[in-house]
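J.: Sequence first, then the predicted structure, then my questions.
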Amino acid sequence: MRHSNNSALILAFLTVMLWSTGFVFTRIAVRDIGPFPLGLLRYGSAAVILVVIGLVKHIGLPKMKDVPLFLVLGALGFFFYQIFFNIAMTTITAATASVVTATVPVLTAFFASLLFRENLGKLGWVAVCIEFAGILVLTLWQREVSIGWGLVWMIIAALCFAGYNLIQRFATKRYSSVQSTVYTITASALMFLFFLPQAVEEVQTAPVGSLLAVLFMGIFPSAIGFLLWTKALSIAKQIGDVTNFMFVTPLLSTLLEILLIGDIPDAGTITGGVMILLGVALFNNRGRLGSYLQPSMARRST
């Protein structure tokens, strides 16, 4: 069990590395492509890749009784999430988006504790607080934070993705991670077909850079990223073990922006980054530390 959980942590970290590029490339693409056709182009290209993978691996079709499950997953994790995310990114800064995205692990852990009786323990919640504080330091240090309707859309997007993480566990109990990812993203792509006329029109006028940004997001953060993420969720001991790595996403996104722009990291980036990494280390070693601290506390009490 410990080996599978370690594998889940590795897969989760690889996923957030891919997802961290999404903020930057979305900001590039959304300048020339609307939020709705952008969702179709991104997840349509991801669905094509995944369907090919599904055909090669002969995964077959889902049972009819499970089709509603994958429709819900596709709607929450991709269709509605991507629409709200893309709309938000047209009006808010990447810093604000990072702060709101950092609430997803907290929301997921909270609802998982209620629905699945998952217990993060005191050290787990302390680690979550440290990580979230690091996100605030990272994003608020000498940066502008945008408040308005964009923030509301981003919060709704975060709630959608938290719901996706929770419901995904039901899917991976009946299907492999590859099957679940293919069915879910394909379902979302079919939903996005409603925006096909607008997408065709905007593709004809969009610059090559924006189109390449969309293609990159379809292949790496979407197709490959969610294959890894679904696998991580399916083998993790607790959902929170995987979703906790989402705290690293804003740090990686900020570092990527710094790398592309060429700015030297400021004190806020360094301080917030250290806090996030310390929180992640504490969270992933909370069981070992808890078993070490309990005998020590018991000796003190006696």
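T.: The structure has been received and is ready for your questions.
J.: what stretches of the stretch 51-200 of the chain score poorly on pLDDT?
T.: 92-100, 102, 118, 120, 138-139, 142-148 (pLDDT under 70).
J.: Strands of that one, residue ranges please.
T.: Counting by DSSP state E, counting those that start in this stretch, one finds no strands in the stretch 51-200 of the chain.
J.: Would you state the helices of it in chain order?
T.: Here the stretch 51-200 of the chain has its helices, by DSSP state H, counting those that start in this stretch, at 67-74, 81-89, 94-101, 103-115, 121-140, 149-174, 177-192, 196-205.
J.: Quick one: mean pLDDT for whichever helix or strand comes after the last one?
T.: Reading on from helix 196-205 to the C-terminus, the next helix or strand found by DSSP states H and E is helix 208-217. Regarding helix 208-217, the rounded mean pLDDT is 92.
J.: Please report the distance of the spatially closest residue to L252 that is not a sequence neighbour from L251.
T.: Leaving aside its chain neighbours, L252 sits nearest to S20 (3.4 Å; criterion: Cβ to Cβ, 6 or more residues apart in numbering). Yep, even glycine has a C-beta here, placed from its N, CA and C like the rest. According to Cβ to Cβ, to the nearest Å, S20 stands 8 Å off from L251.
J.: Same check on L136?
T.: According to Cβ to Cβ, L136 and L251 sit 12 Å apart.
J.: ok, now Q82?
T.: 22 Å.
J.: How many residues are close by L11?
T.: Using other Cβ atoms under 10 Å, L11 has 22 neighbouring residues.
J.: ok, it touching T230?
T.: No - using Cβ atoms under 8 Å, L11 makes no contact with T230, being 9.2 Å away.
J.: quick one: the lengthiest helix in the chain to helix 208-217, angle?
T.: Secondary structure of the chain read by DSSP state H shows that its longest helix is helix 2-29. Using axes from the mean of the first three to the mean of the last three Cα atoms, to 10 degrees, the inter-axis angle of helix 2-29 relative to helix 208-217 is 160 degrees.
J.: in helix 2-29, what's buried?
T.: For helix 2-29, a neighbour-count test (16 or more other Cβ atoms under 10 Å) marks 5, 8-9, 11-29 as buried.
J.: ok, back up a step: dump the helices of the stretch 51-200 of the chain into JSON lines; add mean neighbour count as well.
T.: Formatted as JSON lines, the helices of the stretch 51-200 of the chain follow (neighbours: other Cβ atoms under 10 Å):
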{"stretch": "helix 67-74", "mean neighbour count": "19"}
{"stretch": "helix 81-89", "mean neighbour count": "24"}
{"stretch": "helix 94-101", "mean neighbour count": "23"}
{"stretch": "helix 103-115", "mean neighbour count": "19"}
{"stretch": "helix 121-140", "mean neighbour count": "20"}
{"stretch": "helix 149-174", "mean neighbour count": "19"}
{"stretch": "helix 177-192", "mean neighbour count": "24"}
{"stretch": "helix 196-205", "mean neighbour count": "14"}
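J.: Of all the ones you listed, which one comes closest to G34?
T.: Ranking those by proximity to G34 (Cβ to Cβ) places helix 196-205 first, at 6.2 Å.
J.: sorry, back to before: and the helices of the stretch 51-200 of the chain as TSV, adding distance to L50?
T.: Converted to TSV, the helices of the stretch 51-200 of the chain look like this (distance: least, Cβ to Cβ, whole Å):
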stretch	distance to L50
helix 67-74	12
helix 81-89	16
helix 94-101	24
helix 103-115	23
helix 121-140	31
helix 149-174	15
helix 177-192	4
helix 196-205	19
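J.: and M217, which of these is closest to it?
T.: Comparing the helices of the stretch 51-200 of the chain by Cβ to Cβ, helix 81-89 comes nearest, at 10.0 Å.
J.: I'd like to know which elements the closest one is packed against.
T.: helix 2-29, helix 35-57, helix 94-101, helix 149-174 (3 or more Cβ pairs under 8 Å, 6 or more residues apart in numbering; DSSP states H and E).
J.: again, only this time at 6 Å
T.: When contacts are defined as 3 or more Cβ pairs under 6 Å, 6 or more residues apart in numbering; DSSP states H and E, helix 81-89 sits against helix 35-57, helix 149-174.
J.: Out of these, which is closest to L196?
T.: Across the helices and strands packed on helix 81-89, the minimum distance to L196, taken as Cβ to Cβ, is reached by helix 35-57, at 6.4 Å.
J.: Report the buried residues of the closest one.
T.: Residues 35-50, 53-54 are the ones in helix 35-57 that count as buried (16+ other Cβ under 10 Å).
J.: starting at the chain centroid, how far to it?
T.: 17 Å (Cα atoms, centre = their mean, to the nearest Å).
J.: What is that helix packed up against?
T.: Partner elements for helix 35-57 (3+ Cβ pairs under 6 Å, 6+ apart): helix 81-89, helix 177-192, helix 196-205, helix 208-217.
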